[in-house]
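Trainee: Predicted model and sequence follow; I will ask about them next.
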Amino acid sequence: MNEKVSKGINRNKLFIISLIALFTSGLSAALRATIASDIQGDYLDAIDLARSTIMIGEILGVSFLGFAFSLFIASPLLDAIGMARMIFFSALCFIGGTLLVIFSDQITQTADIYWYLWSGMLINGIGWGLVEGITNPLTTSLYPEDKTNRLNILHAWWPAGLVIGGLSGVGLSYLELSWKIQFSLVLLPSVIYAFMVIGVKFPLTERAASGVSMKEMLTEIIRQPSFFIWLGAMLLTAASELAPGQLVDLVLTRTVGMDGILLLVYVSGLMFVMRHFSGLILKFISPVGLLWYSCVFAAIGLYLLSIANSPISGLFAATIWGIGVCYMWPTMLATASERYPRGGSFFIGLMGVAGALSINYVLPGLGGIFDRAKQDFAGGIEAFALLEGEPLNQALVSAAQTTFQSIAVLPLFLLIIFGAIWWKDKANGGYAPVMVNRK
């Protein structure tokens with residue numbers, strides 16, 4: 001590691017702080033998914049039954065909007081503001097946003113509660129965006145020689161948070177404890193890493209340590225128009241991975257005959273293990289090749305999830321989907337960093353922004369597909385409101401199948417994009433990271 005980066009820097013402690021912060025983000029995401037049906041049943045159905053799934057999609061999706069906003073602002077200003085300040089503020093956002101969601105019904109009446117829930121999730125998303133905006137460039141700065149592997153290990157702790165959050169949510173639900181108690185679990189790791197940050201020295205980003213000015217970083221996007229191809233691909237990879245994860249409990253529980261969140265927990269555990277072996281896989285295949293095969297598994301897995309009708313078929317489908325999406329997010333970030341290193345934290349941030357904006361629009365869209373499908377099955381919203389028992393279950397099962405089939409086509413487009421890039425890399429002698437000459 002470069003002396004400008006390594007002098008006085010505790011690389012292991014900084015990486016552990018990054019792992020805990022990303023774990024907190026995953027925990028928050030899992031618990032948001034776990035409590036979604038409770039929020040919908042307690043408040044949103046009473047406000048507007050016809051649009052309640054759209055509304056919960058908007059509430060869940062706005063966290064991705066907050067993610068995108070803070071990531072876009074923080075990424076180019078990372079060295080100017082300082083990583084320590086930003087990551088400490090991210091912990092405050094997790095604490096404040098969580099408390100706002102928990103106490104929203106004590107602040108306002110049910111008719112206005114939507115906006116308090118929306119705001120709380122937005123603030124949570126801002127905290128998540130700051131974590132993403134800091135930990136990714138921090139990791140590439142700490143391990144410039146091992147970016148793809150280290151980013152996959154870092155992002156293994158996102159699904160670790162999903163596992164703990166999902167299991168905690170299910171366990172507390174069986175104990176008939178309030179969803180508010182479930183969501184309050186986000187507070188613990190937030191406080192822990194907030195205290196860990198105090199007094200710790202952070203390095204400059206790889207871009208700054210290499211002597212690339214902020215102006216050069218920002219204008220690199222003009223000199224590298226091919227980067228927009230990767231931004232477009234990020235829209236689709238994020239939608240293939242994160243949107244189904246947020247809706248798996250709400251949408252799939254009735255179709256597979258088990259708590260849908262357990263499928264998310266299982267997939268997240270699979271991802272946690274697999275991401276630690278990315279370095280071994282990359283010895284045999286390039287990052288772009290890994291992304292291509294990921295899309296094959298993701299498309300098949302999403303379709304199988306749409307037709308799964310038992311715990312066994314649900315677990316099998318979830319396994320295929322999990323293998324597919326496991327490496328997508330960290331490998332996309334690492335590949336962008338390796339191909340466009342002079343873009344620095346700005347380019348890494350833009351990739352995250354693209355992914356988050358995708359989910360912000362995809363989630364309400366999927367909610368709309370689900371709501372229309374359940375109404376079409378019943379013959380209108382009035383007829384749906386009267387359904388009970390097995391007819392209601394059949395309507396929701398049909399809507400779930402339609403929803404997941406609609407998103408299964410996205411990875412198919414990516415096969416064309418990654419296939420073309422992979423072929424071009426081979427024609428040019430193979431994949432090779434671009435190195436920045438350090439000063």
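Mentor: Yep, it's here.
Trainee: burial count for the closest residue to Ile95 other than its chain neighbours?
Mentor: Taking C-beta to C-beta, 6 or more residues apart in numbering, and ignoring the residues beside it in sequence, Ile95 has Ser190 as its nearest neighbour in space, at 5.1 Å. No exception for glycine: its C-beta is placed from N, CA and C like everyone else's. A count of nearby residues for Ser190, using other C-beta atoms under 10 Å, gives 25.
Trainee: And for Glu58?
Mentor: By other C-beta under 10 Å, the residues close to Glu58 number 20.
Trainee: how about the helices in the stretch 201-350 of the chain?
Mentor: With DSSP state H, counting those that start in this stretch applied, the stretch 201-350 of the chain shows helices at 206-209, 214-223, 227-256, 260-275, 278-281, 287-307, 311-325, 328-339, 344-378, listed in chain order.
Trainee: Kindly present those as TSV, with separate columns for mean neighbour count.
Mentor: Output for the helices of the stretch 201-350 of the chain, formatted as TSV (neighbours: other C-beta atoms under 10 Å):
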stretch	mean neighbour count
helix 206-209	25
helix 214-223	14
helix 227-256	23
helix 260-275	23
helix 278-281	16
helix 287-307	22
helix 311-325	20
helix 328-339	25
helix 344-378	23
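Trainee: show me the contacts for the spatially most central residue of the chain.
Mentor: By C-alpha atoms, centre = their mean, the mean C-alpha position of the chain lies nearest to Leu242, the distance being 5.0 Å. Taking C-beta atoms under 8 Å, 6 or more residues apart in numbering as the contact definition, Leu242 lies against 64, 329, 355, 359.
Trainee: Look up how far Ser37 lies from it.
Mentor: The span separating Leu242 from Ser37 equals 18 Å under the rule C-beta to C-beta, to the nearest Å.
Trainee: And for Ile134?
Mentor: Using C-beta to C-beta, one obtains 32 Å as the distance from Ile134 to Ser37.
Trainee: More neighbours: those two, which one.
Mentor: Taking Ile134 and Ser37 together and counting by other C-beta under 10 Å, Ile134 has the greater number of neighbours (30 against 18).
Trainee: could you give the angle of the host helix or strand of that one to helix 344-378?
Mentor: Secondary structure from DSSP states H and E places Ile134 in helix 113-142. Between the axis of helix 113-142 and that of helix 344-378 there is an angle of 140 degrees, by axes from the mean of the first three to the mean of the last three C-alpha atoms, to 10 degrees.
Trainee: Going C-terminal from helix 113-142, what's the next secondary structure element?
Mentor: Proceeding C-terminally, helix 113-142 gives way to helix 147-154 as the next helix or strand, assigned by DSSP H and E.
Trainee: Give me the mean pLDDT for that next one.
Mentor: The average pLDDT for helix 147-154 rounds to 90.
Trainee: quick one: contacts of it?
Mentor: In this structure, residues lying in contact with helix 147-154 by C-beta under 8 Å, 6+ apart are 15, 18-19, 22, 135-136, 139-140, 142-143, 275-276, 278-279, 282, 287, 327, 330-331, 333-335, 337-338, 433.
Trainee: now do stretch 305-315
Mentor: Judged by C-beta under 8 Å, 6+ apart, the contacts made with stretch 305-315 from elsewhere in the structure are 244, 252, 255-258, 263, 266, 304, 316-318, 321, 397, 400-405, 408.
Trainee: How about Asp425: what's its closest non-neighbour residue?
Mentor: Leaving aside its sequence neighbours, Asp425 sits nearest to Tyr431 (C-beta to C-beta, 6+ apart; 4.7 Å).
Trainee: scratch that, Asn136 is what I was asking about
Mentor: According to C-beta to C-beta, 6+ apart, the nearest residue to Asn136 is Ile348 (5.0 Å).
Trainee: Contact partners for that neighbour?
Mentor: Residues in contact with Ile348 (C-beta under 8 Å, 6+ apart) are 75, 136-137, 140, 333, 336-337.
Trainee: Distance of it relative to Asn12?
Mentor: Taking C-beta to C-beta as the measure, Ile348 and Asn12 are separated by 22 Å.
Trainee: His155 and Trp329 touch, don't they?
Mentor: Yes. Counting by C-beta atoms under 8 Å, His155 sits close enough to Trp329 to count as a contact (6.1 Å).
Trainee: What's the first helix or strand after the helix or strand of the chain with the lowest mean pLDDT?
Mentor: Per-element confidence for the chain was summarised using mean pLDDT, DSSP states H and E. The lowest value among helices and strands belongs to helix 3-6, with a mean of 47. On the C-terminal side of helix 3-6, the nearest following helix or strand under DSSP H and E is helix 11-39.
Trainee: between that following helix and helix 260-275, how many degrees?
Mentor: In this structure, helix 11-39 runs at an angle of 160 degrees to helix 260-275, with the same axes, to 10 degrees as the basis.
Trainee: quick one: average pLDDT of helix 11-39?
Mentor: Taken as a whole, helix 11-39 carries a mean pLDDT of 91.
Trainee: next one: that helix to chain centre, how far?
Mentor: Taking C-alpha atoms, centre = their mean, to the nearest Å, the mean C-alpha location of helix 11-39 is offset from the chain mean by 10 Å.
Trainee: Can you give me the buried ones in the helix or strand that comes right after it?
Mentor: Once the chain leaves helix 11-39, the next helix or strand it forms, by DSSP H and E, is helix 45-47. For helix 45-47, the buried set under the neighbour-count rule, 16 or more other C-beta atoms under 10 Å, comprises Asp45.
Trainee: any weak-confidence spans in this structure?
Mentor: Counting by pLDDT under 70, the chain has low-confidence residues at 1-7, 108-111, 246-251, 254, 435-439.
Trainee: check contacts around Ser398.
Mentor: Contact partners of Ser398, counting by C-beta under 8 Å, 6+ apart, are 373-374, 377.
Trainee: and the angle for the helix or strand containing it with helix 344-378?
Mentor: Using DSSP H and E, the element containing Ser398 is helix 389-407. When the same axes, to 10 degrees is applied, the directions of helix 389-407 and helix 344-378 differ by 140 degrees.
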